[in-house]
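> my questions concern the predicted model and sequence given below.
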Amino acid sequence: MLNVVIFGAPGSGKGTQSERIIEQFGLAHISTGDVLRAEMKNDTELGKIAKDYIEKGQLVPDELIVDMLAKVLDEKKGSNGVIFDGFPRTIPQAIALKNMLNERGTDVSVMLNLQVEEEELINRLLERGKVSGRSDDNLETIKSRLEVYHSQTAPLADYYIKEGKHVAIQGVGSIDEIFDRIKKALEEINA
Ligand code: AMP
(Lines give C-alpha, C1' and ligand atoms only; values in the text may rest on other atoms or scores of the structure.)
Protein backbone atom coordinates (compact mmCIF):
# COMPACT_ATOMS: atom_id res chain seq x y z
CA MET A 1 0.00 0.00 0.00
CA LEU A 2 1.22 3.48 -0.86
CA ASN A 3 -0.57 5.99 1.37
CA VAL A 4 0.46 9.54 0.56
CA VAL A 5 -0.37 12.69 2.49
CA ILE A 6 -0.06 15.62 0.11
CA PHE A 7 0.56 18.67 2.23
CA GLY A 8 1.06 22.39 1.77
CA ALA A 9 -0.56 25.78 2.14
CA PRO A 10 -3.75 26.66 0.24
CA GLY A 11 -2.68 27.24 -3.37
CA SER A 12 0.46 25.09 -3.12
CA GLY A 13 -0.81 22.74 -5.85
CA LYS A 14 -2.07 19.78 -3.79
CA GLY A 15 -5.11 19.14 -5.99
CA THR A 16 -3.23 19.57 -9.28
CA GLN A 17 -0.39 17.27 -8.26
CA SER A 18 -2.83 14.74 -6.76
CA GLU A 19 -4.35 14.27 -10.22
CA ARG A 20 -0.93 13.48 -11.66
CA ILE A 21 -0.02 11.10 -8.82
CA ILE A 22 -3.31 9.25 -9.26
CA GLU A 23 -2.69 8.83 -13.01
CA GLN A 24 0.83 7.55 -12.47
CA PHE A 25 0.44 5.41 -9.34
CA GLY A 26 -3.22 4.37 -9.49
CA LEU A 27 -4.12 5.58 -6.02
CA ALA A 28 -7.57 6.39 -4.68
CA HIS A 29 -8.07 10.08 -3.90
CA ILE A 30 -9.60 11.60 -0.79
CA SER A 31 -9.87 15.38 -0.74
CA THR A 32 -11.69 16.51 2.40
CA GLY A 33 -12.33 19.91 0.76
CA ASP A 34 -14.04 18.19 -2.21
CA VAL A 35 -16.12 15.99 0.11
CA LEU A 36 -17.20 19.05 2.11
CA ARG A 37 -18.10 20.99 -1.06
CA ALA A 38 -20.24 18.04 -2.22
CA GLU A 39 -21.98 17.99 1.19
CA MET A 40 -22.63 21.74 0.84
CA LYS A 41 -24.01 21.30 -2.66
CA ASN A 42 -26.36 18.55 -1.45
CA ASP A 43 -27.36 20.74 1.50
CA THR A 44 -26.77 17.96 4.05
CA GLU A 45 -26.52 18.61 7.81
CA LEU A 46 -22.71 18.39 7.59
CA GLY A 47 -22.73 20.68 4.56
CA LYS A 48 -24.74 23.31 6.40
CA ILE A 49 -22.36 23.28 9.36
CA ALA A 50 -19.23 23.25 7.16
CA LYS A 51 -20.39 26.19 5.05
CA ASP A 52 -19.96 28.74 7.87
CA TYR A 53 -16.42 27.61 8.61
CA ILE A 54 -15.37 27.39 4.97
CA GLU A 55 -16.67 30.85 4.12
CA LYS A 56 -14.72 32.33 7.03
CA GLY A 57 -11.58 30.46 6.00
CA GLN A 58 -11.58 28.50 9.27
CA LEU A 59 -11.18 24.78 9.82
CA VAL A 60 -14.21 22.54 10.22
CA PRO A 61 -14.02 20.92 13.72
CA ASP A 62 -11.83 17.82 13.98
CA GLU A 63 -14.55 15.36 15.14
CA LEU A 64 -16.72 16.12 12.10
CA ILE A 65 -13.79 15.74 9.73
CA VAL A 66 -12.50 12.54 11.32
CA ASP A 67 -15.97 10.88 11.23
CA MET A 68 -16.40 11.94 7.62
CA LEU A 69 -12.97 10.60 6.69
CA ALA A 70 -13.56 7.20 8.33
CA LYS A 71 -16.63 6.72 6.11
CA VAL A 72 -14.86 7.78 2.93
CA LEU A 73 -11.85 5.60 3.76
CA ASP A 74 -14.00 2.47 3.94
CA GLU A 75 -15.40 3.28 0.50
CA LYS A 76 -11.83 3.13 -0.88
CA LYS A 77 -11.13 -0.37 0.47
CA GLY A 78 -9.27 -2.59 -1.97
CA SER A 79 -7.26 0.21 -3.61
CA ASN A 80 -3.44 0.20 -3.98
CA GLY A 81 -3.32 3.04 -1.50
CA VAL A 82 -4.82 6.45 -0.95
CA ILE A 83 -3.71 10.01 -1.52
CA PHE A 84 -4.94 12.26 1.28
CA ASP A 85 -5.37 15.80 -0.04
CA GLY A 86 -6.18 18.55 2.48
CA PHE A 87 -6.14 16.08 5.39
CA PRO A 88 -4.76 16.00 8.03
CA ARG A 89 -4.76 19.71 8.84
CA THR A 90 -4.27 19.51 12.62
CA ILE A 91 -2.22 17.29 14.94
CA PRO A 92 -5.35 15.51 16.30
CA GLN A 93 -6.35 14.73 12.69
CA ALA A 94 -2.87 13.28 12.02
CA ILE A 95 -3.12 11.07 15.10
CA ALA A 96 -6.63 9.97 14.09
CA LEU A 97 -5.39 9.14 10.58
CA LYS A 98 -2.55 7.04 11.94
CA ASN A 99 -4.96 5.13 14.19
CA MET A 100 -7.51 4.59 11.40
CA LEU A 101 -4.84 3.27 9.04
CA ASN A 102 -3.19 1.11 11.72
CA GLU A 103 -6.59 -0.46 12.51
CA ARG A 104 -6.80 -1.37 8.83
CA GLY A 105 -3.31 -2.91 8.86
CA THR A 106 -1.55 -0.05 7.06
CA ASP A 107 0.03 3.37 7.72
CA VAL A 108 1.02 6.67 6.10
CA SER A 109 3.92 5.93 3.71
CA VAL A 110 5.03 9.51 3.16
CA MET A 111 4.08 13.14 3.62
CA LEU A 112 4.97 15.34 0.65
CA ASN A 113 5.30 18.94 1.78
CA LEU A 114 4.87 21.32 -1.18
CA GLN A 115 6.81 24.50 -0.49
CA VAL A 116 5.64 27.74 -2.12
CA GLU A 117 6.18 31.36 -1.06
CA GLU A 118 3.28 33.37 0.35
CA GLU A 119 3.12 35.94 -2.46
CA GLU A 120 2.91 33.20 -5.08
CA LEU A 121 0.18 31.41 -3.07
CA ILE A 122 -1.98 34.55 -2.94
CA ASN A 123 -1.54 35.18 -6.68
CA ARG A 124 -2.44 31.59 -7.55
CA LEU A 125 -5.54 31.59 -5.33
CA LEU A 126 -6.77 34.93 -6.73
CA GLU A 127 -6.29 33.58 -10.27
CA ARG A 128 -8.14 30.37 -9.36
CA GLY A 129 -10.94 32.46 -7.84
CA LYS A 130 -11.68 33.96 -11.26
CA VAL A 131 -12.74 30.53 -12.55
CA SER A 132 -13.31 28.20 -9.58
CA GLY A 133 -16.57 29.68 -8.33
CA ARG A 134 -15.32 28.79 -4.83
CA SER A 135 -16.76 31.08 -2.15
CA ASP A 136 -13.42 31.00 -0.29
CA ASP A 137 -11.12 32.10 -3.14
CA ASN A 138 -11.37 35.84 -2.36
CA LEU A 139 -8.66 38.01 -0.79
CA GLU A 140 -10.22 38.30 2.67
CA THR A 141 -10.87 34.56 3.05
CA ILE A 142 -7.51 33.68 1.45
CA LYS A 143 -5.76 35.72 4.17
CA SER A 144 -7.56 33.92 6.97
CA ARG A 145 -6.93 30.51 5.33
CA LEU A 146 -3.21 31.32 5.23
CA GLU A 147 -3.23 32.41 8.90
CA VAL A 148 -5.02 29.21 9.88
CA TYR A 149 -2.51 27.25 7.83
CA HIS A 150 0.45 28.82 9.65
CA SER A 151 -1.00 28.47 13.14
CA GLN A 152 -2.78 25.08 12.98
CA THR A 153 -1.55 23.13 9.97
CA ALA A 154 2.13 23.99 9.40
CA PRO A 155 3.15 22.38 12.77
CA LEU A 156 2.27 19.02 11.18
CA ALA A 157 5.57 19.19 9.29
CA ASP A 158 7.38 18.58 12.61
CA TYR A 159 4.99 15.76 13.47
CA TYR A 160 5.85 13.94 10.22
CA ILE A 161 9.58 14.73 10.54
CA LYS A 162 9.49 12.93 13.91
CA GLU A 163 7.60 10.04 12.28
CA GLY A 164 10.36 9.86 9.65
CA LYS A 165 7.80 10.42 6.88
CA HIS A 166 8.43 14.03 5.79
CA VAL A 167 9.72 14.86 2.29
CA ALA A 168 10.02 18.52 1.23
CA ILE A 169 9.13 19.22 -2.41
CA GLN A 170 9.92 22.52 -4.07
CA GLY A 171 6.45 23.59 -5.27
CA VAL A 172 7.42 26.20 -7.86
CA GLY A 173 8.10 25.68 -11.55
CA SER A 174 5.92 24.04 -14.18
CA ILE A 175 3.37 21.37 -13.21
CA ASP A 176 5.59 18.79 -14.95
CA GLU A 177 8.74 19.89 -13.15
CA ILE A 178 7.03 19.69 -9.77
CA PHE A 179 5.52 16.32 -10.64
CA ASP A 180 8.98 14.98 -11.61
CA ARG A 181 10.24 15.82 -8.11
CA ILE A 182 7.24 14.05 -6.57
CA LYS A 183 7.61 11.03 -8.84
CA LYS A 184 11.26 10.60 -7.83
CA ALA A 185 10.35 10.78 -4.14
CA LEU A 186 7.52 8.25 -4.52
CA GLU A 187 9.58 5.86 -6.62
CA GLU A 188 12.24 5.79 -3.89
CA ILE A 189 9.62 4.94 -1.30
CA ASN A 190 7.96 2.32 -3.50
CA ALA A 191 11.32 0.68 -4.39
P1 AMP B 1 -9.48 22.79 0.55
O2 AMP B 1 -10.31 22.45 -0.63
O3 AMP B 1 -8.60 21.65 1.00
O4 AMP B 1 -8.70 24.07 0.37
O5 AMP B 1 -10.48 23.05 1.77
C6 AMP B 1 -11.42 24.11 1.75
C7 AMP B 1 -11.94 24.37 3.16
O8 AMP B 1 -12.60 23.19 3.65
C9 AMP B 1 -10.88 24.69 4.21
O10 AMP B 1 -10.53 26.06 4.22
C11 AMP B 1 -11.58 24.27 5.49
O12 AMP B 1 -12.55 25.22 5.89
C13 AMP B 1 -12.35 23.02 5.05
N14 AMP B 1 -11.53 21.80 5.21
C15 AMP B 1 -11.05 20.98 4.23
N16 AMP B 1 -10.34 19.97 4.75
C17 AMP B 1 -10.35 20.15 6.09
C18 AMP B 1 -9.76 19.45 7.19
N19 AMP B 1 -8.98 18.38 6.99
N20 AMP B 1 -9.99 19.93 8.44
C21 AMP B 1 -10.76 21.00 8.65
N22 AMP B 1 -11.33 21.72 7.67
C23 AMP B 1 -11.13 21.31 6.40
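Structure received. What you see is a predicted model, and the numbers here were worked out from it, not measured in a lab.
> ok, residues contacting stretch 139-159?
7, 9-11, 55-59, 88-91, 94, 111, 113, 118, 121-122, 125-126, 129, 135-136, 166 (CB atoms under 8 Å, 6 or more residues apart in numbering). Using the backbone N, CA and C atoms, a C-beta is placed for each residue, glycine as well.
> and the residue of this protein nearest the ligand?
G33 (2.0 Å; CB to the nearest ligand atom).
> how much space separates that residue from Q170?
23 Å (CB to CB, to the nearest Å).
> and these two? Which one has more around it.
Each of G33 and Q170 has its neighbours counted (other CB atoms under 10 Å); G33 has more, 19 against 11.
> all helices of this structure, in order?
For the chain, helices defined by DSSP state H occupy the ranges 14-25, 32-41, 45-56, 62-75, 91-103, 118-132, 139-148, 156-162, 175-190.
> K76 is in contact with I30, correct?
Yes. Judged on CB atoms under 8 Å, I30 makes contact with K76 at a distance of 6.7 Å.
> between the two, tell me which one has more neighbours.
A side-by-side neighbour count of I30 and K76, using other CB under 10 Å, places I30 first with 20 against 13.
> for this protein, what lies in contact range of the ligand?
Contacts of the chain with the ligand, taken as CB under 6 Å from any ligand atom, map to 10, 32-33, 36, 53-54, 57-60, 65, 86-87, 89, 93, 136, 145.
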